[in-house]
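**Q** Sequence first, then the predicted structure, then my questions.
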Amino acid sequence: KSSIREIRVNQNPFSAQYDQLGYGRIEVLTKPGTDKLHGQLFVSGNDSAFNSRNPFASEVPAYHTVMFDGNLGGALGKKSSFYLDGQRRNIQDDAIVSAVVLDPSFNQVPLTQTLPTPQTRTNFSPRIDTQIGKNNTLSVRYQIWKDNEDNQGVGQFSLPSQAFNSRDTDQSIQFSDAQVLNEKAVTEVRSRYRHSNYQQTPLSFDPTLSVLGAFTGGGNSSGTGYTRENSYEVQNYTSVALNKNFLKFGARLRDSSQTSSSMSSFNGAFTFPSFLP
């Protein structure tokens, strides 16, 4: 909250500036850097010693989470400033398997197993503001967000062989140029490029084997897949004060492309109603 400069609430659902109709809008504008170096850092989390026992697990799962967050801002010469913001969160969760399987002698035996499902989330965003001329301010901002999740898709009847890992990365770079044309007119040009990449990889490519009400093993039927998207956007808005009226007009141009691949169910599947022949 220390990086917030201004909060605007637009209650007009018919505002032409926004592309979605019928919604109120809350805009949060962040501060540029200042002439003095300042920042903050904090760490929060919890330890597995405070966890309660899961009734399906024979021991208390080793769950814990730690989050680091901080920001730093200051001057870059007489006409420029910078601001950095970052966050890192480590989540050590667990999946509890409670199923019925067959032992080497083909006897039905209960299986209880705990599998770690770690997650890491990283967000980093630097920003630079510079005054090009007396009435011209340029802002450049980059942001990267990453979400890594391991051993997903496991729990209850789903055995550890059903696990898959996912990697999700989102990057964007934004430019904003604000110019004061005269005492009554201001124009702002904004542009943004965004690239997102999601991929999923199963730990096993074996066929899926499922016995209803007992277990699901083998490879995960969701298979390997990825989605990559690139989007581009350019906006221009001009505001003019006319006596008791305020006029705002502009234009927006967008384009996007997406490539994706899915190998869902390519590994094949065998489903049985029970262990009985």
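**A** Done, it's in.
**Q** in its sheet, what does the helix or strand containing Ser210 sit against?
**A** Assigned by DSSP states H and E, Ser210 belongs to strand 208-211. Here strand 208-211 has these sheet partners by DSSP bridges: strand 215-218 (antiparallel), strand 269-272 (parallel).
**Q** Please work out which of those is packed deepest.
**A** strand 215-218 (a mean of 21; mean count of other CB atoms under 10 Å). Backbone N, C-alpha and C define where each C-beta goes, glycine included.
**Q** So for it, could I get the coordinates as CSV, restricted to C-alpha?
**A** What follows is strand 215-218, C-alpha atoms only, in CSV (Å, rounded to 0.1, in the frame of the first residue of the first chain):
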residue,chain,number,x,y,z
PHE,A,215,-7.6,-46.1,-7.0
THR,A,216,-6.5,-44.3,-10.2
GLY,A,217,-2.9,-45.0,-11.2
GLY,A,218,-0.6,-45.0,-14.3
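**Q** coming back round to it: list of residues touching the strand holding Ser210?
**A** Identification of contacts with strand 208-211 by CB atoms under 8 Å, 6 or more residues apart in numbering yields 162, 216-221, 267-275.
**Q** mind putting the strands paired with strand 208-211 in a markdown table, mean pLDDT and distance to Lys78 included?
**A** Conversion of those to a markdown table gives the following (pLDDT from 0 to 100; distance: least, CB to CB, whole Å):
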| stretch | mean pLDDT | distance to Lys78 |
| --- | --- | --- |
| strand 215-218 | 95 | 65 |
| strand 269-272 | 94 | 67 |
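**Q** List the buried residues for stretch 153-173?
**A** 153-155, 157-164, 166, 168-170, 172 (16 or more other CB atoms under 10 Å).
**Q** Work out the gap between that stretch and the centre of the chain.
**A** 14 Å (CA atoms, centre = their mean, to the nearest Å).
**Q** Give me the secondary structure label for Asp129.
**A** At Asp129 the chain is in strand, as set by DSSP: H, G, I helix; E, B strand; the rest coil.
**Q** neighbours of it, just the number please.
**A** By the criterion of other CB atoms under 10 Å, Asp129 has 19 neighbours.
**Q** Where does pLDDT dip in the stretch 1-150 of the chain?
**A** For the stretch 1-150 of the chain, applying pLDDT under 70 flags the ranges 1-3, 22, 30-35, 60-61.
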